[in-house]
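J.: Give me a 3D structure for the following:
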Amino acid sequence: MERAPTWPAALEAHELSRQPGVAGLLVALRGRSGCVALDSVAGSPRRWSWVACEPRVEISESSLEFSDLRRWCAKGSCATDIPGPFAGGFLGALAYDLGVAGETQNLPADPWSTPAVLGGLYAEFFVIDHQAGRAWFVSGDDFRGARRAELIELAESAGMDEPRDFEQVSALRRLVSREEHMARIERTREWILAGEFYQANLAHPLEADTRGDPLDLYLALRQRNPAPYAAFLGGKDFALISSSPELLLEVCGAEARTQPIKGTRERSPNPIEDQRRAQELCASEKDRAELAMIVDLERNDLGRVARTGSVRVDEFQALRSFENVHHLTADVCCRLAEGRDGVDALAALFPGGSISGAPKLRAMQAICDLEGEGRGFFTGSMGFVSCGGDLAFNILIRTLLWRRTGTASEGQVRFHVGGGITWSSDPAAEDDETLAKGERLAAALMGLPKEVRS
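T.: Numbers count the residues shown, from 1 in each chain. Predicted coordinates for the structure are as follows:
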């Protein structure tokens, strides 16, 4: 479908008298259409967050050519004095089931039949600089008067209301049993032994019936599992709620960076034991090898759009520790070739190698065969494409999806947990790891502690 927003001739940034929190802004904007947040809650790097509502164009599509992202943003303002890398443009999410650009994969639809692309084109938004402790409301030069004043006043007075109850009203249902998931892992190991591929990321879903506003579920999740690439996207009948720790792609000018995660250990409340687990992860040959495979894959993907000789690994096997898990990560960077841009890099990388496998196409086919259904937004990406050309997208892990099933408050939540499988994987240990990753997601369903206010 053609998207032709009325972009303003220029954007204006109004600095707020105080820095509102992302949570407070979302509460203040509760119920408005197209509410979205890219929320750097905690961790590293932590610099920019954006909150927006009421897009100039809402987007809900069943398919996508990556060039559409470029076309949608092509006539927007390229202002250089807007704080941060986002200068208006696309904010939204891309489903894993879009598959690899230029390849015919025919991936199945997910059971909820969610759109492949969801979001909007925004020229009005709030931006928060966490390092400087400053915030702005950015709007088009055609967006003035009472509406602009209302949003600025809302932001400057934003706090946190009393947390509303979000209830899990049924048991959390594991839709694939432990035995079945372990059998799928064994089948994956057989294919690896036969030389079909080197690794594949397998996941399984869980569901629960709920009552309440999904925004309150997001507020609970960001408090229980703070992460640098968290995100919220809310609609009338659907919401995406993520506390992702993983960056798929960041492009600033001609510089591109991806930061794959591989290797996980559950954290311990005992500092000595927690340190032991971190050291064990760093020394694990299995996890180091898995990370190396994905780094090679990402180097190859970036190499298709990079200036010759510019692909590099800036950091390999860096330990990053989050609220409940330790991870190993790497930084793979490049300088884009002449005539290539961030959208080209996104098309080359999507979906991320860390959540598909290597080689990517064969691993994705194995995932499809074993999981038996589409993933929807799980292991897709959420982020922005700026009219100025910069972009950033996470990988949608640690992500809950909500849909309305009845009255205004009746709904259902679904989320996946998974991990990378190699020949050396132990099926029981791999299944245990998925449950460790899902622990904070399950805890968020139990609600936001009453003492939490920001």
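J.: Please identify which helix or strand holds Asp432.
T.: helix 427-444 (DSSP states H and E).
J.: Check the offset of that helix from the chain's centre.
T.: 18 Å (Cα atoms, centre = their mean, to the nearest Å).
J.: Let's test this: mean pLDDT of that helix, rounded?
T.: Averaged across helix 427-444, pLDDT comes to 88.
J.: Buried residues of that helix, list them for me.
T.: Across helix 427-444, burial judged by 16 or more other Cβ atoms under 10 Å covers 427, 430-431, 433-434, 436-442, 444. (Glycine included, C-beta is placed from N, CA and C.)
J.: and which of these is nearest to Ser40?
T.: For the buried residues of helix 427-444, the closest approach to Ser40 (Cβ to Cβ) belongs to Arg440, at 17.4 Å.
J.: mind listing the strands for the stretch 51-200 of the chain?
T.: Ranges of strands within the stretch 51-200 of the chain are 57-61, 89-94, 117-122, 125-129, 134-140, 167-168, 173-174, 199-211, based on DSSP state E, counting those that start in this stretch.
J.: buried stuff in the fourth one?
T.: Translated: strand 125-129. In terms of neighbour count (16+ other Cβ under 10 Å), strand 125-129 has its buried residues at 125-128.
J.: Next, the angle strand 89-94 makes with it.
T.: 90 degrees (axes from the mean of the first three to the mean of the last three Cα atoms, to 10 degrees).
J.: What helices and strands are in contact with strand 125-129?
T.: strand 48-52, strand 134-140 (3 or more Cβ pairs under 8 Å, 6 or more residues apart in numbering; DSSP states H and E).
J.: how far does that strand sit from the chain's center?
T.: 18 Å.
J.: Kindly provide the whole-number mean pLDDT of it.
T.: For strand 125-129, mean pLDDT rounds to 97.
J.: Pull up the pairing partners for it, direction included.
T.: Partner strands for strand 125-129, per DSSP bridges, with pairing direction: strand 48-52 (antiparallel), strand 134-140 (antiparallel).
J.: Out of those, which gets nearest to Leu401?
T.: strand 48-52 (20.2 Å).
J.: Can you give me the neighbour number for Gly159?
T.: Residues lying near Gly159 (other Cβ atoms under 10 Å) number 12.
J.: And it, what's its pLDDT?
T.: Value for Gly159, per-residue pLDDT: 76.
J.: Might one say that it is in contact with Gly24?
T.: Yes: judged on Cβ atoms under 8 Å, Gly159 makes contact with Gly24 at a distance of 5.3 Å.
J.: who does the worst-scoring helix or strand of the chain on mean pLDDT touch, helix- and strand-wise?
T.: In the chain, no helix or strand scores lower on mean pLDDT, DSSP states H and E than strand 261-266, which sits at a mean of 83. When contacts are defined as 3+ Cβ pairs under 8 Å, 6+ apart, strand 261-266 sits against helix 271-283, helix 285-303, strand 325-335, helix 427-444.
J.: packing partners for the first one?
T.: Looking back up the chat, that one is helix 271-283. Using 3+ Cβ pairs under 8 Å, 6+ apart: helix 271-283 touches strand 261-266, strand 312-321, strand 325-335.
J.: Identify whichever of those lies nearest to Leu121.
T.: Per Cβ to Cβ, nearest to Leu121 of the helices and strands packed on helix 271-283: strand 325-335, 28.0 Å.
J.: if we can go back for a sec, between the helix holding Asp432 and strand 325-335, how many degrees?
T.: 90 degrees.
J.: name the helices or strands packed onto helix 427-444?
T.: Contacts defined by 3+ Cβ pairs under 8 Å, 6+ apart place helix 427-444 against helix 178-193, strand 199-211, helix 214-224, strand 261-266, strand 410-421.
J.: Could you check how far the residue nearest to Trp48 when sequence neighbours are not counted is from Cys333?
T.: Spatial nearest neighbour of Trp48, excluding adjacent residues (Cβ to Cβ, 6 or more residues apart in numbering): Gly84 at 4.5 Å. The gap separating Gly84 from Cys333 is 20 Å, by Cβ to Cβ, to the nearest Å.
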